[in-house]
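**Student:** with the sequence up front, the predicted model follows.
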Amino acid sequence: MLSVEDLFAGLTRFPDVEAPNLFAVDAADRLILDEAAEALAGAPDASVVVVGDHYGALTLGAAVRFGANGIRVHQDPLTGERALANNAQRLGLADRYRSCELGEDLLTGARVVLLQLPRSLDELDEIADAVARYADPGVVVFAGGRNKHITPAMNDVLRRSFGGVSATLGRQKSRVLVAEAPRASIQPSRFPVTSHLDELGLDVVAHGAVFAGPRLDIGTRFLLEFLPRMRDGHTAVDLGCGTGILAVSLAQAQPSVEVIASDQSAAAVASAAATARANGVEARVRALRDDALSSLPDESVDLILCNPPFHVGAAVHTGGAGKMFDAAGRVLRPGGELWTVYNSHLGYKRALARAVGRTDEIGRNPKFTVARSVRAR
């Protein structure tokens with residue numbers, strides 16, 4: 001019989017970035033399961049929900065340790081969703097859970113919610129609102145994370161949706177917040193939020209988990225300055241699209257281009273699709289949830305725009321950017337261009353040249369570099 005420790009020892013992060021300082025299980029996973037033990041032991045089938053599971057420790061831990069069945073799971077990153085699926089299939093646990101979007105299908109009838117606390121307060125707010133709105137009135141939420149990422153403001157956010165919020169004792173630099181007594185709400189959710197960006201003339205729509213929310217981040221602002229210099233093409237990609245500002249701006253600048261707004265975040269893809277609709281370019285902007293363009297054919301794209309992350313989850317790590325550069329090199333047609341904006345200290349120029357082709361620095365300001373990489377013919 002599989003033990004929890006054997007389960008944890010066998011979990012992998014694949015297809016997410018693997019590295020010696022990146023782990024598939026952390027102390028917060030263990031503490032969440034321990035603090036929720038009594039509730040999980042008595043939970044009926046199909047009453048346990050997991051949100052934000054990184055690679056399957058919470059979902060599969062609940063299944064193995066407490067015999068939970070019919071677990072419903074929501075993971076914003078596609079890599080986490082696929083890692084859970086891979087781990088569950090390998091361990092013979094694939095029939096114990098199903099993946100859902102954040103909303104009614106995920107949460108109706110939920111009595112126990114296990115949550116890895118997100119770093120974004122807006123993401124936590126949207127999750128808490130959905131739990132309070134759709135779950136059983138007796139639901140209890142066990143929301144855990146590493147101490148360095150937990151802030152007092154998270155308690156305040158949870159109190160908007162729950163009458164009772166308390167913190168457990170810490171262990172191994174981790175802590176769990178327990179939320180119960182959901183507040184009834186007859187008002188529509190405030191998510192997604194919409195904001196008008198005067199400097200671009202765009203309406204931007206954002207779900208809670210999307211990077212930068214409805215704002216224009218400074219890296220994207222700098223890259224947009226070079227939009228007139230980018231080659232025209234039939235097909236373009238906004239790689240790591242977030243709310244889709246680059247995709248929509250490119251579609252407006254090039255009336256003949258078809259743009260794929262791609263991101264591994266479910267919230268980002270939903271936000272980008274909504275932003276395209278809000279600005280009347282939904283016929284030429286297609287939102288695609290994908291892991292580093294894995295579903296696109298080789299040599300199928302003329303132009304890619306990319307503002308890559310410099311972290312993997314909560315860890316500062318450039319492996320995610322490298323994966324995106326490799327993907328760009330594969331899907332660009334000969335002569336196609338990748339335009340990238342990045343923090344100058346990261347020095348991505350060599351990595352871009354290896355992955356794509358000749359790379360030139362086109363612009364630099366006190367913080368960012370914009371580079372153009374051309375796929376060899």
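**Tutor:** Happy to help now that I have it.
**Student:** domains of the chain?
**Tutor:** Using automatic domain parsing, the domain parsing of the chain gives 4-182, 193-375.
**Student:** want to throw the ones you listed into TSV with mean neighbour count and mean pLDDT?
**Tutor:** Glycine gets a C-beta too; all of them are placed from N, C-alpha and C. Shown next, in TSV, are the domains of the chain (neighbours: other C-beta atoms under 10 Å; pLDDT from 0 to 100):
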stretch	mean neighbour count	mean pLDDT
domain 4-182	19	97
domain 193-375	20	94
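**Student:** who's in contact with Ser373?
**Tutor:** By C-beta atoms under 8 Å, 6 or more residues apart in numbering, Ser373 lies in contact with 328, 337-340, 352-353, 355-359.
**Student:** quick one: strands adjacent to the helix or strand containing it?
**Tutor:** Secondary structure from DSSP states H and E places Ser373 in strand 368-375. The pairing partners recorded for strand 368-375 under DSSP bridges are strand 332-343 (antiparallel), strand 357-364 (antiparallel).
**Student:** can I get these in JSON lines including distance to Ala57?
**Tutor:** JSON lines is the format used below for the strands paired with strand 368-375 (distance: least, C-beta to C-beta, whole Å):
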{"stretch": "strand 332-343", "distance to Ala57": "31"}
{"stretch": "strand 357-364", "distance to Ala57": "39"}
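**Student:** Ser161: which of the ones you listed is closest?
**Tutor:** Of all the strands paired with strand 368-375, it is strand 332-343 that lies closest to Ser161, at 35.5 Å by C-beta to C-beta.
**Student:** what's the end-to-end length of stretch 27-44?
**Tutor:** Using C-alpha to C-alpha, to the nearest Å, the end-to-end distance of stretch 27-44 comes out at 26 Å.
**Student:** contacts for it?
**Tutor:** Stretch 27-44 is contacted by residues 4, 8, 48, 54, 57-58, 61-62, 65-66, 68, 111-112, 114-117, 140, 142-146, 168, 171-176, 178 when judged by C-beta under 8 Å, 6+ apart.
**Student:** cool, stretch 173-185 as well?
**Tutor:** 26-28, 30-32, 35, 117, 128-129, 131-133, 135, 137-148, 150, 154-155, 158, 160-169.
**Student:** of the residues you listed, which belong to strands?
**Tutor:** Within these, residues falling in strands by DSSP state E are 140-146, 162-167.
**Student:** which of those sit farthest apart?
**Tutor:** Pairwise distances across the ones in strands among the contacts of stretch 173-185 (C-beta to C-beta) peak at 26.5 Å, for the pair Arg146 and Gly163.
**Student:** got a list of what the residue nearest to Gly145 when sequence neighbours are not counted touches?
**Tutor:** Closest residue in space to Gly145, ignoring its immediate chain neighbours: Leu117 at 3.6 Å, by C-beta to C-beta, 6 or more residues apart in numbering. Contacts of Leu117 were listed using C-beta under 8 Å, 6+ apart, and they are 28, 52, 124, 143-145, 149-150, 154, 177.
**Student:** most widely separated two among those residues?
**Tutor:** Farthest pair in the contacts of Leu117, by C-beta to C-beta: Ala28 and Leu124, 14.5 Å.
**Student:** identify the residues contacting Val301.
**Tutor:** Applying C-beta under 8 Å, 6+ apart, the residues contacting Val301 are 233, 235-237, 260, 331-333, 336.
**Student:** quick one, helices of the stretch 101-250 of the chain?
**Tutor:** Along the stretch 101-250 of the chain, counting by DSSP state H, counting those that start in this stretch, helices occupy 104-107, 121-134, 152-161, 218-224, 245-253.
**Student:** got it, and the stretch 251-377 of the chain?
**Tutor:** Counting by DSSP H, counting those that start in this stretch, the helices of the stretch 251-377 of the chain are 266-278, 319-331, 349-355.
**Student:** and the shortest one, what other elements does it pack with?
**Tutor:** With contacts taken as 3 or more C-beta pairs under 8 Å, 6 or more residues apart in numbering; DSSP states H and E, helix 349-355 sits against helix 319-331, strand 357-364, strand 368-375.
**Student:** one more time with 6 Å
**Tutor:** Applying 3 or more C-beta pairs under 6 Å, 6 or more residues apart in numbering; DSSP states H and E, one finds that helix 349-355 contacts helix 319-331, strand 357-364.
**Student:** cool, the first one as well?
**Tutor:** Counting contacts by 3+ C-beta pairs under 6 Å, 6+ apart, helix 266-278 packs against strand 202-206, strand 285-289.
**Student:** hmm, back to that, any chance of the helices of the stretch 251-377 of the chain in TSV, with distance to Ala247 too?
**Tutor:** Below are the helices of the stretch 251-377 of the chain laid out as TSV (distance: least, C-beta to C-beta, whole Å):
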stretch	distance to Ala247
helix 266-278	6
helix 319-331	15
helix 349-355	21
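**Student:** closest to Thr12 out of the ones you listed?
**Tutor:** Closest to Thr12 of these, according to C-beta to C-beta: helix 319-331, at 14.7 Å.
**Student:** so which residues make contact with the closest one?
**Tutor:** 17, 239, 292-293, 296, 298, 300-301, 304, 308-309, 312, 338, 351-352, 355-356 (C-beta atoms under 6 Å, 6 or more residues apart in numbering).
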